[in-house]
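got a structure for you, letters missing:
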């Protein structure tokens, strides 16, 4: 900056300086509003895409999905729930989708629990669905009552109203039929999906975290790499 420019700035009228500062403040405010607007649009897109079953834990639009077929009265599923959640939490490129598969030897409690979880999701979205699943696994055999500490009064009334309808039964039957179509009859059963390459693998039982990671790595290997390996 030249000495002449410094002199001009030093003698800038106060009203002109205030106007310039005001313009800068307006530009900054608009930029912040735009950034917040974009963030809110992203958040709403993610929420909107998961406000209906199948319920998703994690970010919706990631590459890998673990679809779990589970029974809310299954002892093995109860044991596996925190393990699978911890593994998904540690892998930001993986989300978790729930499928109900009430087993005949756990009825009618298994379907009662599934109905409660579905109605909780209908009222409170994914967060309330997953909190309800966690509560049900921590309180086996208590699905016939609404837990007072888990739901707000307005939520309890809405969930109770949902339970009087066929909505949860329709969802549970549809998901159980999907399992039957794919010859899945045990819980927990996991289907790992690579959405980018369109591949999947199905695993049954309490799959250890390292085995899950290995399965994901295997799905991600390009087809041409696998073909070259087979040729050798």
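Nice, I can see it. Since the structure is predicted, the reported quantities are computational estimates derived from the model, not experimental observations.

ok, now which ones touch the residue nearest to the spatial centre of the chain?
Centroid-nearest residue in the chain, with Cα atoms, centre = their mean: residue 57, separated by 2.2 Å. The contact partners of residue 57, by Cβ atoms under 8 Å, 6 or more residues apart in numbering, come to 85, 88, 95, 96, 97, 98, 126, 130. C-beta coordinates here come from the backbone N, C-alpha and C atoms, glycine included.

sticking with the last one, tell me its helix or strand.
Yep, that's residue 130 we're talking about. helix 109-138 (DSSP states H and E).

list the buried residues in that helix.
For helix 109-138, burial by neighbour count (16 or more other Cβ atoms under 10 Å) applies to 109-126, 128-133, 135-137.

again with stretch 69-80
So stretch 69-80, judged by 16+ other Cβ under 10 Å, has buried residues 69, 70, 71, 72, 73, 74, 77, 78, 80.

same thing with stretch 164-182?
168, 171, 172, 175, 176, 178, 179.

distance from it to the middle of the chain?
Distance, stretch centre to chain centre, for stretch 164-182: 20 Å (Cα atoms, centre = their mean, to the nearest Å).

got it, and stretch 175-191?
20 Å.

endpoints of it, how far apart?
One end of stretch 175-191 sits 14 Å from the other (Cα to Cα, to the nearest Å).

then stretch 51-69?
Stretch 51-69: ends 19 Å apart by Cα to Cα.

residue 203 in helix, strand or coil?
The assignment at residue 203 comes out as strand when based on DSSP: H, G, I helix; E, B strand; the rest coil.

surely it touches residue 215?
Yes - when contacts are counted by Cβ atoms under 8 Å, residue 203 is listed as touching residue 215 (6.6 Å).

look at the two and report which has more neighbours.
Neighbour totals were compared for residue 203 and residue 215, and residue 215 leads with 20 against 15 (other Cβ atoms under 10 Å).

does the more buried one sit in a helix or strand, and which one?
Residue 215 belongs to helix 209-220, assigned by DSSP H and E.

give me the buried positions along that helix.
212, 215, 216, 219.

how close does the third one get to residue 70?
According to Cβ to Cβ, to the nearest Å, residue 216 and residue 70 sit 19 Å apart.

domain ranges for this structure?
Recorded structural domains for the chain (assignment: automatic domain parsing) are 3-48, 56-231.

can you redo the ones you listed as a markdown table with mean pLDDT?
Shown next, in a markdown table, are the domains of the chain (pLDDT from 0 to 100):
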| stretch | mean pLDDT |
| --- | --- |
| domain 3-48 | 49 |
| domain 56-231 | 93 |
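
tally up the residues packed near the nearest residue to residue 201 once chain neighbours are set aside, please.
Using Cβ to Cβ, 6 or more residues apart in numbering and skipping the chain neighbours, the partner closest in space to residue 201 is residue 192 (5.2 Å). Residue 192: 20 surrounding residues under other Cβ under 10 Å.

which secondary structure elements does the helix or strand residue 192 falls within sit against?
Assignment of secondary structure by DSSP H and E places residue 192 within strand 189-194. Contacts defined by 3 or more Cβ pairs under 8 Å, 6 or more residues apart in numbering; DSSP states H and E place strand 189-194 against strand 64-70, strand 199-204, helix 209-220.

neighbouring strands - and their directions - for it?
Sheet pairing here is set by DSSP bridges, and for strand 189-194 it gives strand 64-70 (antiparallel), strand 199-204 (antiparallel).

tell me which of the ones you listed lies nearest to residue 161.
The minimum distance between residue 161 and those falls on strand 64-70, with 25.8 Å, by Cβ to Cβ.
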